[in-house]
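[1] Predicted model and sequence below, questions to follow.
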Amino acid sequence: MKITYYGQSCFLFEWQGKNVLIDPFISPNKLASHINVDEIPADFILVSHGHEDHVADLVSVAKRTGAQVISSYEIIQWLGKQGVSNGYPMNLGGAKDFDFGWVKMMFAAHSSSLPDGSYGGTAAGFIIKTEGKTLYYSGDTALIADMKLTGELFQIDQCFFPIGDNFTMGVEDAILASKFVKCNDIIGMHFDTFPYIEINKEEAVMKFKEAGLNLRLLEIGETIEL
Ligand code: NI
Ligand code: MN
């Protein structure tokens, strides 16, 4: 599968021939000024929660592409009011098969409101099973004991964890989260976008390495094959 990083917590995945975008926040991101959001393809858009740094480009990309948006019931309702009718609502613990793979909505310990102050339901993460792999995109979250159960229920091949601290897990907690879910391969997200979440990237990679874990930090615009 192809994975392209667009900064903060935004990734574009190619799964079973479909383009799946997660948490589109690109145009306000100074670190992503070389990315043209109007050129990003999407058949589906997954949204973990309603905060600006996850939905800034959601309405425009959804309208331009006609992509189906998969998110909490409350965010899908809100999107309807913004003129985006192709939404698919889920809630915590629910799972569903889509054209690109199987998705389960997981608990995330975080808040969720939309940019206009509307209630966004509960913040969430996703387990995605596709192309023979199991991925865990935690969304914005604190370290939670539930991750131990996640590690028992799934054999996770690749995690996507926030490491910027302040609003989410920092490096130390993300290392514990990786142990809880029994996954050695982590792609970091939610760092450096704002002064609040600036980190020392080399130190972060080193700390994961010392814990026997592989933290990968992608350049914005970089595409990797997994
Ligand atoms: Ni957030
Ligand atoms: Mn965030």
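    Cool, got the structure. Keep in mind it's a predicted model, so treat the numbers as computed, not measured. Ligands and ions are numbered 1, 2, ... in the order given.
[2] wait, G151 sits on N184?
    No: counting by CB atoms under 8 Å, N184 is not a contact partner of G151; they are 11.7 Å apart. Heads up, the C-betas are built off the backbone N, CA and C, glycines and all.
[3] Give me the common contacts of the two.
    Here G151 and N184 have no joint contacts, going by CB atoms under 8 Å, 6 or more residues apart in numbering.
[4] distance of Q8 from ligand 2?
    In this view, Q8 and ligand 2 are 7 Å apart by CB to the ion, to the nearest Å.
[5] residues touching that residue, list them.
    Contact partners of Q8, counting by CB under 8 Å, 6+ apart, are 23, 25, 29, 32, 53-54, 189-190, 193.
[6] Doesn't it lie inside a helix?
    No: using DSSP: H, G, I helix; E, B strand; the rest coil, the secondary structure at Q8 is coil, not a helix.
[7] Check it and give its pLDDT.
    pLDDT, Q8: 98.
[8] For this protein, which segments count as strands?
    Assigned by DSSP state E, the chain shows strands spanning 2-5, 11-15, 18-22, 44-46, 68-72, 87-90, 95-98, 101-107, 124-130, 133-137, 158-162, 185-189, 214-216, 223-225.
[9] nearest to S113, of those strands?
    strand 68-72 (11.5 Å; CB to CB).
[10] what mean pLDDT would you report for that closest one?
    Rounded mean pLDDT across strand 68-72 is 99.
[11] Partner strands of that strand and their direction?
    strand 44-46 (parallel), strand 87-90 (parallel) (DSSP bridges).
[12] now, of those strands, which is deepest in the fold?
    Neighbour counts (mean count of other CB atoms under 10 Å) averaged over each of the strands paired with strand 68-72 peak at strand 44-46, with a mean of 27.
[13] and that one, how far from the chain's centre?
    The chain centre lies 10 Å from the centre of strand 44-46; the measure is CA atoms, centre = their mean, to the nearest Å.
[14] what do you get for stretch 114-130?
    10 Å.
[15] quick one: is that stretch near ligand 1?
    No: Stretch 114-130 lies out of reach of ligand 1 by CB under 5 Å from the ion, never closer than 6.7 Å.
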